[in-house]
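>>> Any chance you could fold what I've pasted below:
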Amino acid sequence: MDNFPLIKLGERAILSGRTGSGKSTLGKWLLQRSPGRWIILNPKHTKAYDSLPDSHTINGIDLKKLDRSLQEHRFTIVNPTGPQATPENLDLFLEYIHGSYKKLGVCADELYTLHNNGRAGEGLLGLLTRGRELEQSFLGMTQRPAWISQFCFSESQYIGGMSLSLTDDRKRMHQMTGREEFIGKLAPHYWLWYDVSADKLRSFKPVPK
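Next up is the predicted model:
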């Protein structure tokens, strides 16, 4: 298991894959392997995270409940409701997290919900650019990498890819990594993991149970 990827404190990663590719399963597996406490920003209310050990779910963005949950649990799942789930409000939430906590990871599922007309907000920018010194980790998950700002890719130590149906999405992954392996279609639950600084690409079968 030591040879499998994880996200260390202060590191950031992007994971892309179409609906049904196994992205949420892989994301949950990566979170369990990666150190520290994690907030899972879950605007789609994906149920896969409910089975994370030592997790607690908050329906709606409630800062008092968030703080209490972070003190008591390793994983806090935040399901924004109604008007809270706009790009502007989600970005303000990230800005609050960045300014309030150290040694904390944020998993954003879905990453394009933190963009407004293809632009990342100030909260996301702050977390990605200044979060390393605070040991703030980040995992951004998306089914449409073509809609994600180049900045998110350039600030990531790792870029992971699963099956993508649309040519534009596969081209985007190739453009951001320079690796032709991202052009082809992967079988469901198979995945690629690109280490940017090492310029090393690894391929994996479905995650072990």
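
>>> can we go C-alpha only for contacts and neighbour counts from here?
Will do.

>>> Stretch 146-158: which residues count as buried?
For stretch 146-158, a neighbour-count test (16 or more other Cα atoms under 10 Å) marks Ala146, Trp147, Ile148, Ser149, Gln150, Cys152, Phe153, Glu155, Ser156, Gln157, Tyr158 as buried.

>>> Quick check: nearest residue in space to the fifth one, chain neighbours excluded?
Nearest non-adjacent residue to Gln150, counting by Cα to Cα, 6 or more residues apart in numbering: Met176, 7.7 Å away.

>>> before we move on, which element is that neighbour in?
Using DSSP states H and E, Met176 maps to helix 167-177.

>>> Which strands or helices does whatever helix or strand comes next after that helix pack on?
Note on helix 167-177: by DSSP H and E, the next helix or strand toward the C-terminus is strand 191-195. Judged by 3 or more Cα pairs under 8 Å, 6 or more residues apart in numbering; DSSP states H and E, the packing partners of strand 191-195 are strand 158-161, strand 200-204.

>>> re earlier: restricted to strands, list the buried residues of stretch 146-158.
Using DSSP state E, Tyr158 are the members of these that sit in strands.

>>> now the lowest-mean-pLDDT helix or strand in the chain: how far from the chain's centre is it?
One helix or strand of the chain scores below all others by mean pLDDT, DSSP states H and E: strand 115-116, with a mean of 90. Chain-centre distance of strand 115-116: 16 Å, with Cα atoms, centre = their mean, to the nearest Å.

>>> which residues of this protein fall in strands?
Going by DSSP E, the chain shows strands at 12-16, 37-41, 55-59, 75-79, 104-109, 115-116, 119-120, 137-142, 158-161, 191-195, 200-204.

>>> Save those strands as CSV, and put in distance to Gly184 too.
Output for the strands of the chain, formatted as CSV (distance: least, Cα to Cα, whole Å):
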stretch, distance to Gly184
strand 12-16, 14
strand 37-41, 30
strand 55-59, 36
strand 75-79, 33
strand 104-109, 24
strand 115-116, 27
strand 119-120, 27
strand 137-142, 18
strand 158-161, 11
strand 191-195, 11
strand 200-204, 13
